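Novice: Sequence plus the predicted model coming up.
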Amino acid sequence: MLTIGVVGCGDVATRAYLPGIKHLEDKSRLVACFDTIAERAETAAAMFPGAIAYTSYDAFLAHPGGMDLVINLTPAPLHRQITGQALEAGYNVFSEKPIAATIEQANELVALAGQAGKQLFCAPAVMVTARFRWLKEYVQSGAIGRPTLNTAQIGSMGPAAWRTYTGDPTVFYKPGVGPLIDTGVYMLTAMTGMLGPAKRVAAMGGIAIPERNILIPAFEGKTAKVETEDIMMIHLDFGENTFGQLLSSFAIPQSHVPMFELFGEGGTISIRRDQWYNGNGTTDLYLRNEADETQEGWRENVPVPAPIATDGILESGILHVLECLEGEATPVMTAAHATHVLEIMNAARESVRSGKAIALTTTFGQNARDVAGQDLAAIES
Ligand SMILES: NC(=O)c1ccc[n+]([C@@H]2O[C@H](COP(=O)([O-])OP(=O)(O)OC[C@H]3O[C@@H](n4cnc5c(N)ncnc54)[C@H](O)[C@@H]3O)[C@@H](O)[C@H]2O)c1
């Protein structure tokens, strides 16, 4: 039985992580909660018999008996500090996205984890959902041939228009957050998870709607000032004539465009908005067949062959991290992957400012383009 401490008992903790931990209580037990707002820490701790609520981080880190895992659910600008202190205190850490604000900070955290001999896992968990585990194998099997293009779109009006959001929506429109860090990160993690590290980024973007009425009842009459790009259009070059394109925005009221499409020489993988948020959910596939036209066409709503214990993307991450700590799984949500995605997001902003394509320097493990035994690294070398 693994013990867990949660830092930051706000919206995502209440909405997903605390119920997710409870759902997995055969594997883990929450023993400590920390929030600077006492009521939040106490409400979270009350869900788990014997758990202790803390309002001091030092006291939390000194929890009697320690814990096997600290989950960092604080707002993005605090991730470097909170994760770093937990690693220094000798804990494994699972951080919500982004891993940190800069590559240098991310590298510092990786170094701290190494010094402590502890593991650092990073959200988003999209690649450990049942769907993406299967799709990666599906592409690796050669089912859609050589992948050529991955398009993705994730858009909304952002948390100011999310009437049931319980946190502070203004944070999401400030420098250092924005649609890319908040939700575009899911797509970049999926795109690079499928195609491997990207080599170059070119982006356009800007602030399309500079002020927002906040529609959350507790913020009635208040507005949010938009201080970072609310439209980001990103082009990625994966090398070997394989490309990616992402639209990430807080200026999209609604859309019928699929959220994720991966095109190969022999077929298409397509995930609609109503499919995306269920990690065990269905996927649409299109297969070409040059020899037999009758075998060509869409297969709609194809189920995942091996669903896992949870549908939620976030909850899939908790399960994966626990399995890694138990030695039952190999880490997929690595700091190296999160650092590469962070580099893409920061390079995209730099490209918006400079008007130039930016070469990427970071890299991480294997990818689904190693189709049918072909080793991409060998091809490239
Ligand atoms: N809300 C969601 O649906 C959602 C989904 C996926 C990921 N996330 C990510 O989860 C993280 C938290 O988002 P949220 O929506 O829950 O925000 P939130 O503002 O609702 O919650 C953050 C909590 O952290 C606490 N906090 C602030 N400073 C702290 C400190 N120094 N020490 C300890 N606690 C502190 C706040 O009091 C608050 O309770 C962000 O990285 C966000 O990107 C959120």
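Specialist: Nice, thanks for sending it over.

Novice: Number of residues surrounding the closest residue to the ligand within the stretch 1-150 of the chain?
Specialist: Closest approach between the stretch 1-150 of the chain and the ligand, counting by C-beta to the nearest ligand atom: residue 10, at 1.9 Å. C-beta: built from backbone N, CA, C; applies to glycine. Residues lying near residue 10 (other C-beta atoms under 10 Å) number 17.

Novice: three-state assignment of the residue nearest to residue 208 when sequence neighbours are not counted?
Specialist: Take residue 208 and drop its neighbours on the chain: the residue closest to it by C-beta to C-beta, 6 or more residues apart in numbering is residue 251, 4.4 Å away. Secondary structure, DSSP: H, G, I helix; E, B strand; the rest coil: residue 251 is coil.

Novice: Please list all residues in contact with the one residue in the stretch 251-381 of the chain that gets nearest to the ligand.
Specialist: As assessed by C-beta to the nearest ligand atom, the ligand sits closest to residue 314 within the stretch 251-381 of the chain, at 5.9 Å. Contact analysis of residue 314 by C-beta atoms under 8 Å, 6 or more residues apart in numbering lists 12, 16, 17, 20, 123, 124, 125.

Novice: C-terminal to whichever helix or strand residue 20 is part of, what's the next element?
Specialist: Residue 20 is part of helix 18-23 when elements are defined by DSSP states H and E. Scanning forward in sequence from helix 18-23 by DSSP H and E, the next helix or strand is strand 28-34.

Novice: does the ligand sit close to that next one?
Specialist: Yes - using C-beta under 6 Å from any ligand atom, strand 28-34 reaches the ligand at residue 34.

Novice: Distance from that strand to the middle of the chain?
Specialist: Relative to the centre of its chain, strand 28-34 is centred 23 Å away, using C-alpha atoms, centre = their mean, to the nearest Å.

Novice: how deep is residue 245 tucked in, by neighbour count?
Specialist: Applying other C-beta under 10 Å, I find that residue 245 has 15 neighbouring residues.

Novice: And the contacts of residue 314, which two are furthest apart?
Specialist: The distance between the two most remote of these (C-beta to C-beta) is 13.8 Å, for 20 and 124.

Novice: Which residues are in contact with the most centrally placed residue in the chain?
Specialist: Nearest to the centroid of the C-alpha atoms of the chain, with distances taken as C-alpha atoms, centre = their mean, sits residue 124, at 1.9 Å. For residue 124, the contact set (C-beta under 8 Å, 6+ apart) comprises 97, 185, 186, 189, 313, 314, 317.

Novice: is the helix or strand hosting the third one anywhere near the ligand?
Specialist: Using DSSP H and E, the secondary-structure element containing residue 186 is helix 185-195. No - looking at helix 185-195 against the ligand by C-beta under 6 Å from any ligand atom, there are no contacts, and the closest approach is 8.3 Å.

Novice: For that helix, which helices and strands make contact with it?
Specialist: Packing partners of helix 185-195 (3 or more C-beta pairs under 8 Å, 6 or more residues apart in numbering; DSSP states H and E): helix 130-140, strand 147-155, strand 243-249, strand 260-264, helix 335-354.

Novice: need the residues of the protein near the ligand, please.
Specialist: Counting by C-beta under 6 Å from any ligand atom, the residues of the chain close to the ligand are 7-13, 15, 34-37, 40, 57, 73-76, 78, 96-97, 166-168, 182, 314.

Novice: Tell me which entries of these lie within helices.
Specialist: Those of the residues of the chain next to the ligand mapping onto helices are 11, 12, 40, 57, 314, per DSSP state H.

Novice: right, and the first one touches residue 164 too?
Specialist: No - at 9.3 Å, residue 11 does not count as touching residue 164 under the criterion of C-beta atoms under 8 Å.

Novice: more neighbours, these two?
Specialist: More neighbours surround residue 11 than the other of residue 11 and residue 164, with 17 against 9 (other C-beta under 10 Å).
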